[in-house]
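[1] Sequence plus the predicted model coming up.
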Amino acid sequence: MCWKRNNERSNGLARLFTLCVALLAGSLFSGAAKAQDKLAELQLHFDKDGHAGSKLKLLEHLADAQFDETRKASAGGDFNRVGFIFEKYRDNLRACFNLLRTQEPDADRHSNNYRRIELQARRGIREVEDTLTVMPPELRPPLELVHKDVMNIDDELIRLLFPSPNVESGPGSPAKTAPPTSKERP
């Protein structure tokens, strides 16, 4: 009789333990699903927006969510997902930059948005570089392409924000000649 009661008690504890594990796994899964839903919702809003300034604000929030997802996927060893998310980030950055250049072509007059997107590109470069350090070498080439593309966008933004003072003295242009001295003047 005593043995029967102890056996029932241990079965009850086992059931309670199984229930707790199932609830914990369910909450972790639902948390991951909520994060992916948030990412999908932000991406949808980003894709629908047609104004460069508001699209840039959405890019900042979307990039935060994307970088969080890449950290989680990287910690889980899902580097294919990491690459996919970074490729989507690069495409979003490029779309925002192209829209900004179309709607506000003068970087001197609208420098605030150009600076904001340049800061976003720098942040993306740091995130990609941090991820590259922990990635296996055989999975790095796609992410290295993303890194190169984001670096090119950043370089172009720097050129637009800080143009060279001697634009006409670039390669292939005639060299400036010194003004004639007093002896050479007629």
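    Sure thing, it's come through. Computed from a predicted model, the values in this text were never measured in an experiment. Residues are numbered from 1 along each chain as shown.

[2] C-alpha from now on. contacts and neighbour counts both.
    OK.

[3] give me the low-pLDDT residue ranges for this protein?
    When the per-residue scores of the chain are filtered using pLDDT under 70, the ranges that remain are 1-35, 166-186.

[4] what are the ranges of the helices in it?
    Under the criterion DSSP state H, helices of the chain are mapped to 2-48, 52-75, 79-103, 111-134, 140-161.

[5] Format those as CSV; extra columns: mean neighbour count.
    Formatted as CSV, the entries for the helices of the chain read as follows, by neighbours: other Cα atoms under 10 Å:
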stretch, mean neighbour count
helix 2-48, 13
helix 52-75, 18
helix 79-103, 18
helix 111-134, 17
helix 140-161, 17
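
[6] Now do the contacts for residue 143.
    Contacts of residue 143 were listed using Cα atoms under 8 Å, 6 or more residues apart in numbering, and they are 83, 86, 87, 128, 132.

[7] can you do 6 Å?
    By Cα atoms under 6 Å, 6 or more residues apart in numbering, the residues touching residue 143 are residue 83.

[8] got it, and residue 82?
    If a contact means Cα under 6 Å, 6+ apart, then residue 82 has residue 70 as its contacts.

[9] how about 7 Å then?
    70, 73, 74 (Cα atoms under 7 Å, 6 or more residues apart in numbering).

[10] Ok, residue 126 next?
    Residues in contact with residue 126 (Cα under 7 Å, 6+ apart): none are found.

[11] mind checking how far it is from residue 150?
    Noted for residue 126: a distance of 10 Å to residue 150, by Cα to Cα, to the nearest Å.

[12] now swap in residue 70 and tell me
    As for residue 70, its distance to residue 150 is 16 Å (criterion: Cα to Cα).
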